[in-house]
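[1] what shape does this take:
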Amino acid sequence: METLDAKALRMFTAVVRTGSIRSAAEHLHVAASVVSRQIAETEKNVGLPLFERSSRGVGLTDAGRLVLEHAQRVIEDSNLLSEQLDQLRSVQQARIRICCGEGFLGDMIEHGLKSFVNIYPTVAYSLTLGSTDDVLDTVANGDTDIGIAYNPVIDTRIRSLAISRQPLCLVAPNGHALLERKTVLLRDCLAECRYALLSKGHGVTQLVGRVAADCGVAVAPLVETPSIDVLRRFVMAGLGVTFLPHFAVTTELTRSALGVVELSDPLLSQASAHLLVKSRRRLPASVERLASHLAVEMAAFKL
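    Okay, here's the model as predicted:
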């Protein structure tokens with residue numbers, strides 16, 4: 001088999017990401033016939049089909065999955081080489097891509113990035129927000145250098161550089177009756193209160209769903225939203241309660257209006273925050289430095 005060149009790998013990964021040859025062509029700004037010929041040439045070179053084609057698009061074969069893993073390694077090694085060459089040229093600029101849950105945003109900026117920027121002023125950042133599932137996928141696919149997520153599922157594509165216990169809490173208006181109980185169980189909150197909940201794909205919602213199912217309780221939020229700010233405002237307006245880890249509701253705005261108490265369900269009390277990078281990836285120096293800094297400085301990772 002001949003070595004797969006950068007053009008072949010770029011077109012192959014574009015088809016994987018977009019789900020079809022036509023969409024990949026539009027993404028790459030070339031004719032669909034060019035992409036189709038390149039994929040056919042790559043399959044001929046490999047000696048095996050890379051895609052299973054259907055009316056709904058294309059899916060990877062076993063050979064295709066191996067080529068995708070190779071392509072991702074090539075891209076990562078290329079990025080690492082570029083950073084190392086820039087250092088030799090005395091070019092100190094680097095860009096680090098971060099994806100995190102909204103609840104980590106304030107903590108990361110105030111306790112992580114603020115001090116890191118003062119130490120490494122030439123580093124630039126690309127910051128996106130997403131659900132726990134979004135964070136896992138972007139890190140695993142190489143679209144993000146560092147991910148920060150709440151209670152992610154075990155995923156062999158990812159490794160955790162830092163893990164800290166962050167129990168799920170009931171968040172209610174100050175003076176709410178549930179805040180005065182010694183033991184607060186999720187099933188009581190769901191049965192006695194109106195509540196708002198993060199939308200599907202978030203670690204909080206996955207936890208609530210698992211515990212509720214074990215208790216035989218249906219999950220029926222009054223409000224479902226991807227925004228933690230909406231949840232905080234929902235509670236502050238007196239509309240009901242919500243469920244978040246403590247670090248997500250510790251800003252000055254919320255301290256005077258909200259009460260927070262840890263939920264007593266074992267699964268919820270053992271929930272954790274994770275600082276994530278891709279498995280088996282050689283981290284560029286800038287990414288490794290920032291990841292180590294966030295693990296030490298962010299409140300979410302302090303025991």
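
[2] what about Leu9? Give its phi and psi, please.
    Leu9 has phi and psi values of phi -70, psi -40 when expressed as degrees, to the nearest 10.

[3] surely it touches Gln72?
    No. Using C-beta atoms under 8 Å, Leu9 is not in contact with Gln72; the gap is 9.2 Å. Yep, even glycine has a C-beta here, placed from its N, CA and C like the rest.

[4] helices along the chain, start to end?
    6-18, 21-28, 32-46, 62-88, 105-107, 114-119, 132-140, 186-192, 203-215, 228-236, 252-255, 266-269, 285-297 (DSSP state H).

[5] what angle do the last one and helix 62-88 make?
    When you say that, I think you mean helix 285-297. Angle, helix 285-297 to helix 62-88, by axes from the mean of the first three to the mean of the last three C-alpha atoms, to 10 degrees: 90 degrees.

[6] list the buried residues in helix 285-297.
    By neighbour count on 16 or more other C-beta atoms under 10 Å, the buried set for helix 285-297 is 286-287, 289-291, 293-295, 297.

[7] ok, residues contacting that helix?
    83, 87, 94, 96, 108, 111-112, 115-116, 119-120, 123, 145-146, 148, 161-162, 275, 277, 283, 301 (C-beta atoms under 8 Å, 6 or more residues apart in numbering).

[8] whichever of these end up buried, select them in PyMOL.
    Here is the PyMOL command that selects the buried residues among the contacts of helix 285-297 (16+ other C-beta under 10 Å):
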select buried, resi 83+94+96+108+111+112+116+123+145+146+148+161+162+275+277+283+301
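
[9] hang on, the earlier thing: okay, the buried residues of helix 285-297 in JSON lines with distance to Phe243 and pLDDT next?
    Output for those, formatted as JSON lines (distance: C-beta to C-beta, whole Å; pLDDT from 0 to 100):
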{"residue": "Ser286", "distance to Phe243": "36", "pLDDT": "86"}
{"residue": "Val287", "distance to Phe243": "32", "pLDDT": "90"}
{"residue": "Arg289", "distance to Phe243": "34", "pLDDT": "90"}
{"residue": "Leu290", "distance to Phe243": "30", "pLDDT": "94"}
{"residue": "Ala291", "distance to Phe243": "28", "pLDDT": "94"}
{"residue": "His293", "distance to Phe243": "30", "pLDDT": "94"}
{"residue": "Leu294", "distance to Phe243": "25", "pLDDT": "95"}
{"residue": "Ala295", "distance to Phe243": "25", "pLDDT": "94"}
{"residue": "Glu297", "distance to Phe243": "26", "pLDDT": "92"}
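
[10] for Thr61, state which of those is nearest.
    Set against Thr61, the nearest of these by C-beta to C-beta is Val287 (32.0 Å).

[11] from Gln84, how far out is that closest one?
    Relative to Gln84, Val287 is positioned 13 Å away (C-beta to C-beta, to the nearest Å).

[12] what do you get for Ala71?
    Ala71 is 20 Å from Gln84, by C-beta to C-beta.

[13] more neighbours: which of these two?
    Neighbour comparison, Ala71 and Gln84: the larger count goes to Ala71, with 19 against 12 (by other C-beta atoms under 10 Å).

[14] hang on, the more buried one packs against Phe12?
    Yes. At 6.2 Å, Ala71 and Phe12 qualify as touching, with contact defined as C-beta under 8 Å.

[15] what is in contact with the two at once?
    Leu4.

[16] so what touches stretch 147-156?
    In this structure, residues lying in contact with stretch 147-156 by C-beta under 8 Å, 6+ apart are 98-101, 103-104, 108, 132, 135-136, 138-140, 158, 166, 202-204, 206-207, 245, 271-277, 279, 294, 298, 300.

[17] ugh, typo on my part, it should be stretch 213-220
    186-187, 190-191, 197, 208-209, 212, 267.

[18] for the protein, give me the ranges with low pLDDT.
    1-3, 55-57, 83, 86-93, 251-256, 303 (pLDDT under 70).
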